[in-house]
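[1] Provided below for reference: sequence and predicted model.
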Amino acid sequence: MKSTIGRPQRRKREHWYKNMVPSGRSSTLRTFAVAALAIATLASASSGPTNTEEAFEASNLPLRKVADVPLGGKTTRFDYESFDPTRHLLFIAHLGDSEIVVFNTNMSRVVGRIAGVSSVHGVLAIPELGRVYASATGEDEAVAIDMTTLGISARIPTGAYPDGMAYAPEARKLYVSDETGGSETVIDVTSNRRVATISLGGEAGNTQYDPSSKHIFVNVQTRNQLIEIDPASDQIVARIDVPGAKGNHGLLIDANQRLAIIACEGNDRLIVLDMRTMRATSSFEVGKDPDVLAYDPPLHLLYVAGEAGVVSMFRVETGALSKLGDGHIGPNAHVVAVDLETHRSYFPLKNLGGRPMLRILEPRSQGVR
């Protein structure tokens with residue numbers, strides 16, 4: 001995809017893969033595309049650290065390694081992951097393999113795989129529904145999955161290039177950001193049907209639910225705006241300009257401290273927005289191409305994972321952020337999820353020693369609590 005705001009090469013490669021390997025093409029073409037993509041990825045990573053173990057151990061983050069656990073599958077790209085604390089299951093989108101890996105955090109092993117989710121990007125576990133939803137970018141659809149059987153129960157059409165997702169429980173609606181489609185698809189989870197499409201006026205970034213206002217927020221990364229949507233009417237109620245933003249893609253909302261935390265891929269910045277005034281209060285430099293954010297409220301720890309494998313960590317207290325440091329976690333460590341019970345963080349790495357691996361870390365006690 002040609003970028004209008006200097007988007008990272010990762011999304012260009014994803015679009016290339018999708019165009020080269022449409023549904024129903026021969027396995028020969030698919031094999032060729034995967035091989036070529038792997039060569040391109042290897043070339044782009046050649047300038048990074050050669051010893052990822054030493055790179056992590058030398059980092060100045062308040063973390064220690066618990067384990068590296070093989071995930072199986074091919075050494076292809078991972079995307080979002082989502083944790084179900086009631087079942088101790090971590091659902092990991094293995095984008096390049098078009099499947100979701102199901103990892104049991106108590107057993108520390110893979111317990112299932114959900115195939116047939118084409119170029120899966122977003123994944124969202126909703127324990128109270130007993131379901132996982134995933135965005136299948138290869139088919140421009142959202143996929144509903146039963147948590148007990150791990151079977152696909154519904155496929156719902158979306159706009160172009162569905163990515164991040166958020167759930168508004170009071171309205172019983174799922175919101176899917178259609179990145180290149182520039183819209184938000186609204187799905188009624190009772191019927192698993194699309195009930196609205198909201199035009200955003202620009203390329204959609206990540207989507208989050210705010211339990212305080214009970215509204216949905218979504219980045220519009222080509223307009224450097226944060227959009228507020230009322231699920232009761234599925235209307236845009238506010239467009240908030242984000243000064244200093246460029247390619248605002250990642251988003252996390254701390255409802256207790258009334259903060260919207262925005263990761264900008266275009267200029268490697270993290271911007272903090274006070275949701276009471278809807279004004280930016282601070283900005284920080286983070287690792288290259290920041291993508292996924294995760295938050296551990298009991299420890300007040302924020303993780304910002306980037307495409308270059310660098311993770312930036314912050315302490316969040318009294319409505320403000322203070323930076324703890326940056327560290328190289330592993331190759332392409334752009335995805336992170338946190339178990340709030342154990343405080344362990346999970347980073348799926350597509351190629352660590354020739355295999356897909358889940359790197360598990362936990363905070364060092366000193367200087368964290």
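    Sure, I can see it.
[2] Domains in the protein, by residue range?
    Domain ranges of the chain: 1-47, 48-75+242-369, per automatic domain parsing.
[3] Lowest average pLDDT across the ones you listed?
    Here these differ in mean pLDDT, and the lowest is domain 1-47 at a mean of 40.
[4] helices and strands around the helix or strand containing A134, which ones?
    Assigned by DSSP states H and E, A134 falls within strand 131-136. Helices and strands touching strand 131-136, as assessed by 3 or more C-beta pairs under 8 Å, 6 or more residues apart in numbering; DSSP states H and E, comprise strand 89-94, strand 120-126, strand 141-146, strand 162-168. Placement of C-beta: from N, CA and C, glycine included.
[5] switch the cut-off to 10 Å
    Secondary-structure packing of strand 131-136 (3 or more C-beta pairs under 10 Å, 6 or more residues apart in numbering; DSSP states H and E): strand 81-84, strand 89-94, strand 99-104, strand 120-126, strand 141-146, strand 152-157, strand 162-168, strand 173-178.
[6] what about these, which gets the closest to G319?
    strand 162-168 (22.6 Å; C-beta to C-beta).
[7] hang on, isn't K74 packed against P356?
    Yes: assessed by C-beta atoms under 10 Å, K74 is found in contact with P356 at 7.3 Å.
[8] With adjacent residues omitted, what lies nearest to D326?
    S312 (5.0 Å; C-beta to C-beta, 6 or more residues apart in numbering).
[9] In its sheet, which strands sit next to the helix or strand where that neighbour lies, and in what direction?
    Assessed by DSSP H and E, S312 sits inside strand 310-317. Sheet pairing of strand 310-317 (DSSP bridges) gives strand 301-306 (antiparallel), strand 320-328 (antiparallel).
[10] okay if I get these as a markdown table plus mean neighbour count and distance to N256?
    Formatted as a markdown table, these follow (neighbours: other C-beta atoms under 10 Å; distance: least, C-beta to C-beta, whole Å):
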| stretch | mean neighbour count | distance to N256 |
| --- | --- | --- |
| strand 301-306 | 25 | 13 |
| strand 320-328 | 17 | 13 |
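[11] how about the ones you listed in CSV, adding distance to D230?
    Converted to CSV, the strands paired with strand 310-317 look like this (distance: least, C-beta to C-beta, whole Å):
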stretch, distance to D230
strand 301-306, 27
strand 320-328, 28
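[12] and the residue nearest the centre of the chain, how far is that from A260?
    When C-alpha atoms, centre = their mean is applied to the chain, the residue found nearest the centroid is Y80 (3.7 Å). Noted for Y80: a distance of 19 Å to A260, by C-beta to C-beta, to the nearest Å.
[13] Could you do F314 as well?
    Distance from F314 to A260, by C-beta to C-beta: 14 Å.
[14] Then E81?
    E81 is 21 Å from A260, by C-beta to C-beta.
[15] what's near enough to touch Y175?
    For Y175, the contacting residues are 124, 164-168, 184-187, 196, 198, 207-209, 216-218, 229, 231, 234, by C-beta atoms under 10 Å, 6 or more residues apart in numbering.
[16] Actually, N104.
    When contacts are counted by C-beta under 10 Å, 6+ apart, N104 touches R87, H88, L89, L90, V110, V111, G112.
[17] what's the answer for D234, then?
    By C-beta under 10 Å, 6+ apart, D234 lies in contact with A168, A171, K173, Y175, E184, V186, V195, A196, T197, I198, I216.
[18] I'd like these laid out as a markdown table, including secondary structure.
    Listed next are the contacts of D234 as a markdown table, based on DSSP: H, G, I helix; E, B strand; the rest coil:
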| residue | secondary structure |
| --- | --- |
| A168 | strand |
| A171 | coil |
| K173 | strand |
| Y175 | strand |
| E184 | strand |
| V186 | strand |
| V195 | strand |
| A196 | strand |
| T197 | strand |
| I198 | strand |
| I216 | strand |
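[19] re the thing from before, what residues of the strand holding A134 count as buried?
    Using 16 or more other C-beta atoms under 10 Å as the test for burial, strand 131-136 gives R131, V132, Y133, A134, S135, A136.
[20] now swap in stretch 225-239 and tell me
    Q225, L226, I227, E228, I229, D230, P231, D234, I236.
[21] which pair in these spans the largest distance?
    Q225 and P231 (19.1 Å).
[22] now the buried residues of stretch 225-239 as TSV including pLDDT, secondary structure and distance to D97?
    Below are the buried residues of stretch 225-239 laid out as TSV (pLDDT from 0 to 100; DSSP: H, G, I helix; E, B strand; the rest coil; distance: C-beta to C-beta, whole Å):
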residue	pLDDT	secondary structure	distance to D97
Q225	98	strand	34
L226	98	strand	33
I227	98	strand	32
E228	98	strand	36
I229	98	strand	32
D230	98	strand	37
P231	98	coil	33
D234	98	coil	34
I236	98	strand	36
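[23] from those, which is closest to G250?
    L226 (11.9 Å).
[24] what bridges to that closest one?
    N219, I240.
[25] just to revisit the earlier point, okay, and the common contacts of K74 and P356?
    By C-beta under 10 Å, 6+ apart, the residues touching both K74 and P356 are H94, G96, D97, K350.
[26] now, the most widely separated pair of these?
    Across the shared contacts of K74 and P356 (C-beta to C-beta), the longest gap, 9.8 Å, separates D97 and K350.
[27] shared neighbours of those two, anything?
    Common neighbours of D97 and K350 (C-beta under 10 Å, 6+ apart) are L71, G73, K74, T75, T76, R77, F78, P356.
[28] Please pick the buried ones from those.
    Judged by 16+ other C-beta under 10 Å, buried ones among these: L71, G73, T75, T76, R77, F78, P356.
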